[in-house]
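Novice: sequence-free structure coming up:
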């Protein structure tokens with residue numbers, strides 16, 4: 001392209017048009033609306049009729065980074081009416097976030113429409129008390145519980161929080177959705193406060209899932225019994241700490257959770273994944289002494305406050321070594337989740 005052509009192209013861009021090789025002047029909007037984002041295109045295919053997204057297809061987690069074969073794509077398309085949409089494992093929140101960014105970068109209105117449909121899904125699935133089930137519309141079994149496990153409810157609330165505030169690329173979202181999202185976030189915070197486990201009147205932490213009617217800690221899978229959950233409680237506390245101008249109730253909830261998490265730390269230990277030819281997969285996870293280290297169990301008994309471990313048989317045990325190897329190496333029963341929260345975040349929040 002010569003300099004003169006470049007000059008006229010610049011003029012056309014300023015006026016909102018671009019000249020084609022045929023000499024026709026075409027609005028830029030007609031070009032950008034057809035621009036594509038390969039990941040977003042896959043998300044359009046995977047979106048369910050309910051407006052949300054599943055976390056897996058054929059028992060395998062979705063991976064938008066891989067090329068999808070025609071056969072795989074067709075299997076997803078014929079599952080359009082399935083009731084498996086969820087907020088588990090970042091499903092739905094992940095897609096909404098990407099689609100909004102894809103719209104900002106391409107101007108393709110299909111992406112904005114799909115994102116707004118996803119936001120409506122989140123608003124529709126939320127209980128009147130502010131909680132979120134793990135799945136919707138399929139709320140069978142433990143799927144109906146208010147679910148903090150794997151940060152499911154928190155991921156949904158953070159998307160709605162971004163919509164309500166019109167943060168960055170969310171400024172283009174429908175105004176009605178912004179208003180509804182603000183109300184949903186407020187209800188979600190109220191639910192968090194209501195589900196916080198209290199012992200002798202004092203707030204502690206949360207279970208990974210709570211009954212959607214009574215707010216009490218609830219069981220999920222056989223190895224996920226009702227408990228004080230050190231893992232899930234970290235992001236809940238962090239979410240509350242991010243709230244500007246917190247109410248006295250929110251402050252009390254945060255201080256209670258931080259106090260409990262600090263007291264629940266197991267001093268002088270860490271876990272290590274080791275090779276062990278005697279085990280089914282040739283490896284194991286063991287707890288070992290480590291002076292100066294702090295670690296937390298994922299589950300603490302609601303009556304005794306002591307760590308417990310549970311395999312697929314649903315029986316509580318006092319030691320990690322007492323459950324089956326498959327669970328020891330396939331699930332995080334110990335972790336350092338609260339460490340940063342109790343140091344950096346706590347130090348930043350308390351002066352505020």
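Specialist: On my side now, so go ahead. Computed from a prediction, not measured in an experiment: that's the story for all the values here.
Novice: Show me where the stretch 51-200 of the chain has its strands.
Specialist: 56-57, 60-61, 146-147, 198-199 (DSSP state E, counting those that start in this stretch).
Novice: Point to the residue nearest the middle of the chain.
Specialist: Centroid check for the chain by CA atoms, centre = their mean gives residue 155 as the closest residue, at 3.4 Å.
Novice: how's this protein carved up into domains?
Specialist: Using automatic domain parsing, the domains assigned to the chain come out as 1-28, 33-195, 243-352.
Novice: For stretch 41-61, which residues meet the burial criterion?
Specialist: 42-44, 46-48, 50-55, 57 (16 or more other CB atoms under 10 Å). In short, each C-beta sits where N, CA and C put it, glycine included.
Novice: Adding distance to residue 290 and pLDDT, write the residues you listed out as a markdown table.
Specialist: Shown next, in a markdown table, are the buried residues of stretch 41-61 (distance: CB to CB, whole Å; pLDDT from 0 to 100):
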| residue | distance to residue 290 | pLDDT |
| --- | --- | --- |
| 42 | 43 | 96 |
| 43 | 43 | 97 |
| 44 | 48 | 98 |
| 46 | 43 | 96 |
| 47 | 46 | 98 |
| 48 | 46 | 98 |
| 50 | 47 | 98 |
| 51 | 47 | 98 |
| 52 | 42 | 98 |
| 53 | 40 | 98 |
| 54 | 40 | 96 |
| 55 | 35 | 95 |
| 57 | 41 | 82 |
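Novice: What about the closest residue to residue 320 other than its chain neighbours, how many residues nearby?
Specialist: Using CB to CB, 6 or more residues apart in numbering and skipping residues adjacent in sequence, the residue nearest residue 320 is residue 309, 5.1 Å away. Applying other CB atoms under 10 Å, we find 22 residues neighbouring residue 309.
Novice: any idea which of the domains of the chain is most buried?
Specialist: domain 33-195 (a mean of 19; mean count of other CB atoms under 10 Å).
Novice: ok, back up a step: tell me which of the domains of the chain lies nearest to residue 236.
Specialist: Each of these has some distance to residue 236 by CB to CB; the shortest is domain 33-195, at 6.0 Å.
Novice: Other residues contacting stretch 323-340?
Specialist: 223, 230-231, 233-234, 261-262, 265, 271, 273, 279-281, 283-285, 287, 294-299, 309-312, 317, 320-321 (CB atoms under 8 Å, 6 or more residues apart in numbering).
Novice: whoops, stretch 52-67 was the one
Specialist: So stretch 52-67 is contacted by 39, 42-43, 46-48, 72, 75-76, 79, 82, 84-92, 94-95, 98, 118, 121-122, 125, 136 (CB under 8 Å, 6+ apart).
Novice: Dump the buried residues of stretch 41-61 into TSV; add distance to residue 327 as well.
Specialist: Formatted as TSV, those follow (distance: CB to CB, whole Å):
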residue	distance to residue 327
42	33
43	33
44	37
46	30
47	34
48	31
50	32
51	35
52	29
53	28
54	25
55	21
57	25
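Novice: List phi and psi for the closest residue to residue 260 other than its chain neighbours.
Specialist: Nearest-residue entry for residue 260: residue 204, 4.2 Å, with adjacent residues in sequence omitted and distances by CB to CB, 6+ apart. Reported as degrees, to the nearest 10, the phi and psi values for residue 204 are phi -120, psi -110.
Novice: what about residue 204, how many residues close to it?
Specialist: Residue 204, neighbours per other CB under 10 Å, totals 22.
Novice: With adjacent residues omitted, what lies nearest to the residue nearest to the centre of the chain?
Specialist: Residue 155's closest residue in space is residue 93 (CB to CB, 6+ apart), at 4.0 Å.
Novice: residue contacts, that neighbour?
Specialist: Contacts of residue 93 (CB under 8 Å, 6+ apart): 87, 122, 155-156, 158-159.
Novice: ditto for residue 98
Specialist: 39-40, 43, 64.
Novice: Among these, name the least confidently predicted one.
Specialist: Among these, residue 64 has the lowest pLDDT, at 92.
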